[in-house]
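**Q** got a sequence here, can you model it:
(chains A and B)
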2 protein chains.
Amino acid sequence: MADQLKSRRVILKEYVEGYPTEEHMELLPAADVDVGEAASAAEGSVLVKNLYLSCDPYMRPKMSRPLGQSSYTSAFVPGSAITGYGVSQVVRSSLPALAPGDLVRGITGWEDYSVIKPPFTGLLAKIRPDHGVPLSYYTGILGMPGLTAYVGFHHICSPKAGETVFVSAASGAVGQLVGQFARLAGCRVVGSAGSDEKVELLKTKFGFHDAFNYKTEDGDLAGALKRRFPEGIDVYFENVGGKMLEAVLLNMKTHGRIAVCGLISQYNLTPGEKESGAGVRNLECLVTKRIRMQGFIEPDHKHVYPEYEAWVVPHIKDGRVVYVEDVAEGLEAAPRALIGLFHGRNVGKQVVSIAATQA
Amino acid sequence: MADQLKSRRVILKEYVEGYPTEEHMELLPAADVDVGEAASAAEGSVLVKNLYLSCDPYMRPKMSRPLGQSSYTSAFVPGSAITGYGVSQVVRSSLPALAPGDLVRGITGWEDYSVIKPPFTGLLAKIRPDHGVPLSYYTGILGMPGLTAYVGFHHICSPKAGETVFVSAASGAVGQLVGQFARLAGCRVVGSAGSDEKVELLKTKFGFHDAFNYKTEDGDLAGALKRRFPEGIDVYFENVGGKMLEAVLLNMKTHGRIAVCGLISQYNLTPGEKESGAGVRNLECLVTKRIRMQGFIEPDHKHVYPEYEAWVVPHIKDGRVVYVEDVAEGLEAAPRALIGLFHGRNVGKQVVSIAATQA
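**A** Prediction:
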């Protein structure tokens, strides 16, 4: 292997207001990656070849100019490679726990090769080859979205068998799993999505008891929910926010629980739209119905991963839990794939395949 | 005692949109109260003479036309006496647990005498005369607001010594207690109120570490909080909602907790104002900061009252906890007193004194 490898990368060109477009990103041609740096034990860094990149909604807020507010995740740096979850193969390693050829999941760059430095090396987790599941699953059901669905549903929502569950953005990377986990927990689960194709997928592939297209019910989301939950909603897994949350609040049962995973309806509002827009206007339902609403993020719950993995892998193998991915091919396809998330173009978990493993 | 007593009553004349006025209520002249009815064991009812009536913010939503939504409390009935918490003395009783002369707290009518029927008889609690505190306190610190403050702060907010606490509507029936309970728990507590007089009371009488007048900081509530909580807010006791909640969300710490007790800023909005108004537009803070927001009402926690009473009475007696009341005199003053709550005219807990005890 040469000391210099050639690596293309996708950078954020400038901070985004409103919806991101392909113009906000750029694929830069191949430049040298310094393998020597990755071999330095003092640095503690690892050189990886990236195989799969994950497109996730949380990446949108990182594309906005930082407001100086504390957040669990910092903004992207214009001119630098976009970063996100991925599956990679180790090329050179200065860490004893990782050897060339090892497959890892973690935070990597949107580039052919990445030099991963501390503290991100601490997030690299070796993939167990004996699971025999597609490698791309480690950006989804066996990655951040999977643990998000598990922790959010089982730990944050405290579901009981027989309860009713509603999931928005239900065909996405997280939602499709929440629906299946709810069904396995003995709940009655309904999902919403943005196309008839997705609604069909929810009902036929993921086993949601019912589902609807929010775009064709837009005039009366509260009514759409009321018809499907005549007795009300015990648990809401929130991925959307805005008008959907208002409609859900009207339909929640007393002592209901809302796990706030994300608010994708809010991410692409310009500051002006956000300022002038309608926020959530019926939070008094929290009091009258004694609702618990709890935000959470997966990084706080990493310690649950072994429990989750041990639980979900047998379910994957025997087909009780399925996972649908939308795979874009090639690093050059990554910007469009990410943008597509915010227009609902993806069907299932959006992932980008950029290279094959090397023996 | 005659079989018929004369009783005046305050009725709601019609459902209210926007701010209530005295025109929405009416004091009806004395009419006979049927003592015979109250003496019927089959009925299980109790005749009481009302001594103190409580004015509480939750009464405003009960003045609006019901929307068919489930709520823990039903709307008032136009033409009938307004109901609410009160302190009363038993005149005749068909219940073995209550005898004439007993002092009780519970839900009663805005009238000189009330016939209390099941299920409301089940809410009547005898007042222990050995406490030696003012009877009016049983509408406040030893009534619903007191237990609300205790449960909301200690049970819902899970406070730890050294944490920072913010209380809005902090000089009110509940807020003044939350501030004192927070101080006793070793927290640093800041309150907001709507006049300089109230702010002074918070700092000098209730021992808040700091306080501010939200009306004179209106342009920048977030900044007002930032200056007082440079490291952020761990616990927010929410009585207000709207713009105050938005400002608080910006200033919450990671893993902060919000107990939602009430949203008084929302209660007097007309349906049109509510529809066109700005709701809460930054709920994404719930995710980025992993905030738990929990609505609660006191009736769910009645079983905690003995624990609370045993804890708070010694604090009252030794002066570690004080209570400020705003006492209006006479049933005829009740409508104006209730309305005053929504304009912040009350200083401390608003109560109406309508009669003295009889030996």
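
**Q** pLDDT below threshold where in the stretch 151-300 of chain A?
**A** For the stretch 151-300 of chain A, residues meeting the criterion pLDDT under 70 lie at A:218.

**Q** which residues in it form strands?
**A** Assigned by DSSP state E, counting those that start in this stretch, the strands in the stretch 151-300 of chain A fall at A:164-167, A:188-193, A:210-213, A:233-238, A:252-260, A:292-295.

**Q** can you tell me which of those strands is most buried?
**A** Of all the strands of the stretch 151-300 of chain A, strand A:164-167 carries the top mean neighbour count, a mean of 29, counting by mean count of other CB atoms under 10 Å in any protein chain shown. (Glycine included, C-beta is placed from N, CA and C.)

**Q** neighbouring strands - and their directions - for it?
**A** Here strand A:164-167 is paired, per DSSP bridges, with strand A:188-193 (parallel), strand A:233-238 (parallel).

**Q** the residue nearest to A:G140 when sequence neighbours are not counted: how many residues sit nearby?
**A** Sequence neighbours aside, A:K349 is the residue nearest to A:G140 in space, at 4.1 Å (criterion: CB to CB, 6 or more residues apart in numbering or on different chains). A:K349 has 28 neighbours, counted by other CB atoms under 10 Å in any protein chain shown.

**Q** what does A:L12 give?
**A** A:L12 is flanked by 24 other residues according to other CB under 10 Å.

**Q** and it, what's its pLDDT?
**A** Among the per-residue scores, A:L12 shows a pLDDT of 97.

**Q** who does it bridge with?
**A** Bridge pairing for A:L12 (DSSP bridges) gives the partners A:M25.

**Q** domain ranges for chain A?
**A** A:4-140+A:323-353, A:144-299 (automatic domain parsing).

**Q** contact residues of the stretch 201-350 of chain A facing chain B?
**A** Counting by CB under 8 Å from any CB of the partner chain, the stretch 201-350 of chain A comes close to chain B at A:232, A:241, A:245-246, A:250, A:254, A:260-263, A:266-267, A:274-275, A:277-297, A:300.

**Q** phi first, then psi, for A:S114.
**A** Main-chain dihedrals, A:S114, degrees, to the nearest 10: phi -130, psi 140.

**Q** A:G179: what's it in contact with?
**A** By CB atoms under 8 Å, 6 or more residues apart in numbering or on different chains, the contact set of A:G179 is A:V165, A:V167, A:A170, A:V189, A:G191, A:L202, A:F206, A:G207, A:F208.

**Q** that one and chain B, how far apart?
**A** As for A:G179, its distance to chain B is 20 Å (criterion: CB to the nearest CB, to the nearest Å).

**Q** ok so, going back, narrow the residues of the stretch 201-350 of chain A next to chain B to just the buried residues.
**A** Buried by 16 or more other CB atoms under 10 Å in any protein chain shown: A:232, A:241, A:245-246, A:250, A:260-263, A:266-267, A:279-297, out of those.

**Q** any chance of the strands paired with strand A:164-167 in TSV with distance to B:Y19 as columns?
**A** Shown next, in TSV, are the strands paired with strand A:164-167 (distance: least, CB to CB, whole Å):
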stretch	distance to B:Y19
strand A:188-193	37
strand A:233-238	33
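
**Q** just how off-centre is the biggest helix by length in chain A within its chain?
**A** Longest among the helix segments of chain A by residue count, using DSSP state H, is helix A:305-317. On the basis of CA atoms, centre = their mean, to the nearest Å, helix A:305-317 is displaced by 18 Å from the centre of the chain it belongs to.

**Q** follow-up on the earlier one: give me the pLDDT for the residue nearest to A:G140.
**A** If you check A:K349, the pLDDT there is 97.

**Q** tell me the bridge partners for it.
**A** A:K349 forms beta bridges with A:E325, as assigned by DSSP bridges.

**Q** one step back: what residues does the longest helix of chain A touch?
**A** For helix A:305-317, using CB under 8 Å, 6+ apart, the contacting residues are A:125, A:131-133, A:137, A:141-142, A:146-147, A:150-151, A:184, A:321-323.

**Q** just the buried subset of these, please.
**A** In the contacts of helix A:305-317, burial by neighbour count holds for A:A125, A:V133, A:Y137, A:I141, A:L142, A:G146, A:L147, A:Y150, A:V151, A:V321, A:Y323, counting by 16+ other CB under 10 Å.

**Q** thinking again about what came up before, quick one: which of the residues of the stretch 201-350 of chain A next to chain B sit in helices?
**A** Of the positions in those, A:L245, A:E246, A:L250, A:Q266, A:Y267, A:K274, A:E275, A:E284, A:C285, A:L286, A:V287, A:T288 sit in helices, assigned by DSSP H.

**Q** could I get the CA-only coordinates of stretch A:184-203 as PDB?
**A** Output of stretch A:184-203 as PDB, limited to C-alpha atoms (Å, rounded to 0.1, in the frame of the first residue of the first chain):
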ATOM      1  CA  LEU A 184     -43.800  -7.100  19.100                       C
ATOM      2  CA  ALA A 185     -44.600  -5.500  22.400                       C
ATOM      3  CA  GLY A 186     -48.300  -6.200  21.900                       C
ATOM      4  CA  CYS A 187     -49.300  -2.600  21.100                       C
ATOM      5  CA  ARG A 188     -51.700  -1.400  18.400                       C
ATOM      6  CA  VAL A 189     -49.600   0.700  16.200                       C
ATOM      7  CA  VAL A 190     -50.500   3.200  13.400                       C
ATOM      8  CA  GLY A 191     -48.000   5.100  11.300                       C
ATOM      9  CA  SER A 192     -48.100   8.200   9.000                       C
ATOM     10  CA  ALA A 193     -45.900   8.700   6.000                       C
ATOM     11  CA  GLY A 194     -45.800  11.000   3.000                       C
ATOM     12  CA  SER A 195     -46.800   8.800   0.000                       C
ATOM     13  CA  ASP A 196     -49.300   6.100  -0.700                       C
ATOM     14  CA  GLU A 197     -46.400   3.800  -1.600                       C
ATOM     15  CA  LYS A 198     -44.900   4.300   1.900                       C
ATOM     16  CA  VAL A 199     -48.300   3.800   3.600                       C
ATOM     17  CA  GLU A 200     -48.600   0.500   1.700                       C
ATOM     18  CA  LEU A 201     -45.200  -0.500   2.900                       C
ATOM     19  CA  LEU A 202     -46.100   0.300   6.500                       C
ATOM     20  CA  LYS A 203     -49.100  -2.000   6.400                       C
END
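
**Q** now, among the contacts of helix A:305-317, which is nearest to chain B?
**A** Taking CB to the nearest CB as the measure, chain B lies nearest A:V151 of those, at 11.4 Å.

**Q** thought that closest one was touching A:K302?
**A** No - using CB atoms under 8 Å, A:V151 is not in contact with A:K302, being 9.6 Å away.

**Q** quick check: neighbours shared by the two?
**A** Shared contacts of A:V151 and A:K302 (CB under 8 Å, 6+ apart): none.
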